[in-house]
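J.: What shape does this take:
(chains A and B, ligands or ions: 4)
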Amino acid sequence: MKRMKLVMVGNGMAGVRTLEELLKLAPDLYDITVFGSEPHANYNRILLSPVLAGEQTIKDIMLNDVDWYEKNGITLHLNKKITRIDRKNRSVHADDGTSAGYDRLILATGSNPFILPVPGNDLAGVISFRDIHDVDAMIEASGKYQHAVVIGGGLLGLEAANGLKLRGMDVTVVHLPDALMERQLDPVASKMLQKSLEDKGLNFLMGKQTEQLIGRDGRVAAVRFKDGQEVPADLVVMAVGIRPNTQLAESAGIHCNRGIVVNDTMQTFDPRIYAIGECVSHRGIAYGLVAPLFEMAKVCANHLAEFGIGRYTGSVTSTKLKVTGIELFSAGDYLGGEGTEDLLLSDPKGGLYKKLVLKDNKLVGAVLYGESTDGNWYFKLMREGTDVSALRNRLLFGETHLGDSGHGGQNRAAAMQDADQVCDCNGVCKGTIVKAIVTKGLFTLDDVKSHTKAAASCGSCTGLVEQILAHTLGGDYEAPEAKPMCKCTDYTHDQVRAAIRDQQLTSIPDVMAKLEWKRADGCPSCRPALNYYLISTWPETAKDDYQSRYINERAHANIQKDGSYSVIPRLWGGSVTVDQLRAIADVAEKFEVPTMKITGGQRIDLLGVKKETLPEVWGFLADRGLVSGHAYGKALRTVKTCVGSEWCRFGVQDSTQMGIDLEEMTWGSWTPHKFKMAVSGCPRNCAEATIKDFGVVAIESGWELHVGGNGGVKVRATDLLCRVTTREEVLEYAAAFMQIYREEARYLERTAPWVERVGLAYIKGRVVDDAEGRAAAYKRFLESQEIYRFDPWAERAKGVDKHEFTPMKVIEGQTA
Amino acid sequence: MNNLAKKVAMPTKPIKFEQWIEVGAISDIPKDGARVVKTPLGDIAVFRNLQDEVFALRDKCPHKGGPLSQGIIYGRTVACPLHNWSIALETGIAVAPDEGCAASFPIRLDGEKVFLSLTPSDGSADH
Ligand code: SRM
Ligand SMILES: Cc1cc2nc3c(=O)[nH]c(=O)nc-3n(C[C@H](O)[C@H](O)[C@H](O)COP(=O)(O)OP(=O)(O)OC[C@H]3O[C@@H](n4cnc5c(N)ncnc54)[C@H](O)[C@@H]3O)c2cc1C
Ligand code: SF4
Ligand code: FES
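T.: Ligands and ions are numbered 1, 2, ... in the order given. All right, here's what the predicted structure looks like:
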């Protein structure tokens, strides 16, 4: 098949990202030609600020060098500006006469710095801050001249001023409004920012309107203001804003309105022509930050690849100032207005200011000054529209104060040394991550995961890695939004789940065919998820696909570092009998189990069992009445209990028996992630029920039910669901809660993040307020248990899945 | 009747026919699954993917020795059960960005039967 011709005008960040995404999806669909008016390959424009400040070099900020284009078969024309699009004959023409024909065209022309229309604006020494050329000019001027004036106190202007100051110039920032970065900050934060920049030695002239640039011998020499004041200037940097670069599009008759107007698939009014990046106007908004541009790039690539499932619906943006030593973050609607309320923490002396804007119990805006590590967390809450009513009293203090050992520490990413370990699972230190981000041009958490393995295992350091990303990249960091399930699909977990339910899909091949999976048999991340969604949605009809389960769930034991397995039999409610203890002792003796240990879940672990002997070990245990403890599964794990009213002088209910009843009802059930319960006999709570997925605490009048607790990586205490009086109620509420979690949470999402995501009010609505719904969920749970509540060990001891436990063949003797 | 060349899953060096050892039938291995063949050289994992291609690798992940036979198989790749490295089934080479290599062994299908050779494809015997 003949390839189509794709031409791109503009070799900047948005455009090249689109090509990268496209090459991932459909590497062979197009012959690609790129025109760039700059003489450089693709670089990270954002990092021009650290280059100016002398913290990085141009080499450090290259994203794709010329080799990359060559390797991907892209024809690259550098230093050529396209001046004409011939839509009739579908071709583009450059200033030097080069032309190229297209079937599809991408306009990624970025934006132009706005130059104040004042006399003298064409003098030598008057520049903008946009590209490598400008940075070179500034560095050169800083070596020769003394006085720099930066017009514009926004993000760009302040970064330019900071860089010039660090290069030894006297710098004055001129700003027309009274407050710096007034488009990103509220007045208080703005004042604090100005103060710390003054401490760094910058001068500010606020509320000043430039009237004229005065020259001497063709070079700028001073700036004069409306009020008559004049300041010396050998270099003037105009950073007063940008305008989408629409010139080319307009000249070709493509509809523009403060940007090239595009639809949700990034097409202009001529559907063969796409536009993306800072040059576009989408739903009336032109963006000037990379995160939204990268989202556009994904959608545009998806459409060009003819998948046609992505849509761009707009972005909430956040900003960080990249001036070393100053922590500043702002996002969303930071000023607030009708119907909003502010949460404020203000300590001007201590250099700390935080403002959070809430609307309808959701976070809609944030300004952080002095301490911005929680920026990403707030931003995530904003974009996910999380109901924050339950967090409200702790919200201002940041995520750390929710008891998050993984994220812990104030501004930890910044304070860390390069040699400090970030990912304890894979032994990755900060320096390695920063280096990978910088040298390999990584932007997302996923990139960092796959290149360094940091955060790729237990995930507890995810927050910290995100902080490091954010810190290294500045505002360029692209926090993942409603993420696709994995690289095999563009659909999110929720979309896949809905499709399985609504289209009644019952097998993995069905799902993959219907949803156009990109890889024939998926990957180790989507297959287990799909299998779980299928069996939890259609317990009766979907077939459990064992090859899509992680080895622990296939072998019904936990794999250990040496390839042996551990066996943990169920001890109901943490109680034991003499016979059970004897059975465990006997099995350990008979099979020479190297280690036995009491687990943190009130049972006994037999460690170091060879895979081949598992069925025999299980058979032995089954004969003595013990069943699988599912310590290996995304399933009901333990139900811990305390002694309760049977013996304890404080106990008010029989917590041990309640634990046993709960465990007997729920064992064998598969859940999105592991599910743990505990029952305490009084509010002293010796069974630690308030850090369990479902916790029960006995009170004089009955039982308190708690949900969404988590020990482990990120401790979260439960939320109180309600109080009930009878044993039957406890069982019904527990089953209903578990069933709704099973049906609605995402795979590998424990109840704690799930409850936080959907909100306690929602859970109460379903489990407490809606009696009918609760009863129905309880019934569905029991129905599913009819199928799944059996002992997988006993079965296997009798020969089920024999192939899993025996070698295919044993070859004896010498060879080779 | 000679269909020996059919479904050879990897380019193999010329090996003497006597070196091929029959290890069982393809139906002994589940689709997208693996079995272990115990040999004097150590355990060898024999894989079968969805397309019924077969592969053989030393059952030791290049990372920290995890048993690859216990991993999840997808396409021509297996994900190690211990720390989730991806290993290419044809070559034993870890898929970028991971680095390392597990020895691979010549294997072929003759009708239903699976034959394995104990001379590693990369030439280096045991290491
Ligand atoms: C055996 C045991 C440690 C012990 O010797 O006491 C244990 C062992 C493992 N835990 Fe645990 N956890 C054990 C109790 C706990 C507890 C305590 C509890 O349940 O009261 C916790 C904190 C409570 C909680 O889950 O909220 C706990 C939190 C974790 C976590 C973090 C979970 C989280 O949501 O943050 C992981 C990692 C994961 O699941 O991804 C984990 C993962 C593991 C794994 C499965 C790691 C792995 O993937 O191989 C370990 C398996 C070892 C093995 O082969 O047996 N284990 N683990 C305990 C088994 C209890 C049982 O009888 O089944
Ligand atoms: C100093 C600086 C700091 C920044 N800091 C941040 C930050 O911290 N966070 C953040 O999110 N964003 C930041 N930005 C903004 C970010 O860099 C831009 O949003 C982003 O680069 C825009 O991408 P783009 O592809 O749309 O445009 P560009 O990257 O500008 O690319 C457009 C390219 O098209 C070329 N071009 C234009 N017309 C033609 C033509 N007719 N023919 C051929 N080529 C043409 C241009 O030469 C240019 O190379 C910063 C920008 C600057 C300048
Ligand atoms: S048992 Fe739990 S805490 Fe202990 S090493 Fe394993 S995962 Fe870590
Ligand atoms: S041993 Fe295989 S990934 Fe670590």
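
J.: all contacts plus neighbour counts: C-alpha atoms, from now on.
T.: OK.

J.: Which of the three states applies to the residue nearest the centre of chain B?
T.: In chain B, the residue lying closest to the centroid (Cα atoms, centre = their mean) is B:Ala56, at 1.2 Å. Assigned with DSSP: H, G, I helix; E, B strand; the rest coil, B:Ala56 falls in the strand class.

J.: Tell me what the closest residue to it other than its chain neighbours is bridged to.
T.: In this structure, B:Ala56 finds its nearest non-sequential neighbour in B:Val46, 4.5 Å apart by Cα to Cα, 6 or more residues apart in numbering or on different chains. For B:Val46, the beta-bridge partners under DSSP bridges are B:Arg35, B:Ala56.

J.: Could I get the contacting residues of B:Val46?
T.: By Cα atoms under 8 Å, 6 or more residues apart in numbering or on different chains, the contact list for B:Val46 reads B:34-37, B:54-57, B:69.

J.: and what of A:Val135?
T.: With contacts defined as Cα under 8 Å, 6+ apart, A:Val135 is in contact with A:48, A:51-52, A:129.

J.: how about 6 Å then?
T.: Residues near A:Val135 by Cα atoms under 6 Å, 6 or more residues apart in numbering or on different chains: none.

J.: Can I get the contacts of B:Val46 in CSV including distance to ligand 4?
T.: Below are the contacts of B:Val46 laid out as CSV (distance: Cα to the nearest ligand atom, whole Å):
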residue, distance to ligand 4
B:Ala34, 15
B:Arg35, 17
B:Val36, 16
B:Val37, 19
B:Val54, 20
B:Phe55, 18
B:Ala56, 16
B:Leu57, 13
B:Ser69, 11
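
J.: Tell me the most packed of those residues, by neighbour count.
T.: B:Ala56 (32 neighbours; other Cα atoms under 10 Å in any protein chain shown).

J.: Could you dump the contacts of B:Val46 into CSV with pLDDT added?
T.: Below are the contacts of B:Val46 laid out as CSV (pLDDT from 0 to 100):
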residue, pLDDT
B:Ala34, 96
B:Arg35, 96
B:Val36, 96
B:Val37, 95
B:Val54, 96
B:Phe55, 96
B:Ala56, 96
B:Leu57, 95
B:Ser69, 96
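
J.: And these, which is closest to A:His77?
T.: Proximity of those to A:His77 (Cα to Cα) peaks at B:Phe55, which lies at 45.0 Å.

J.: hang on, that closest one packs against B:Ala45?
T.: No: using Cα atoms under 6 Å, B:Phe55 makes no contact with B:Ala45, being 8.2 Å away.

J.: Just give me the neighbour total for the closest residue to ligand 4 within the stretch 701-816 of chain A.
T.: In the stretch 701-816 of chain A, the residue that lies nearest ligand 4 is A:Glu804 (19.1 Å; Cα to the nearest ligand atom). Using other Cα under 10 Å, A:Glu804 has 22 neighbouring residues.

J.: any idea which helix or strand comes after the strand or helix carrying it?
T.: Of the helices and strands defined by DSSP states H and E, A:Glu804 is found in helix A:802-805. Next helix or strand after helix A:802-805 toward the C-terminus (DSSP H and E): strand A:809-810.

J.: Could you tell me how far the residue of the stretch 701-816 of chain A closest to ligand 4 is located from ligand 1?
T.: A:Glu804 is 18 Å from ligand 1, where distance means Cα to the nearest ligand atom, to the nearest Å.

J.: do A:Leu116 as well
T.: Taking Cα to the nearest ligand atom, one finds A:Leu116 at 55 Å from ligand 1.

J.: So that residue belongs to a helix, correct?
T.: No: per three-state DSSP, A:Leu116 lies outside any helix segment and is coil.

J.: Now do the phi/psi pair for whatever residue of chain B ends up closest to ligand 2.
T.: Of all residues in chain B, B:Pro97 sits closest to ligand 2, at 27.0 Å by Cα to the nearest ligand atom. Dihedral pair for B:Pro97: phi -80, psi 0, per degrees, to the nearest 10.
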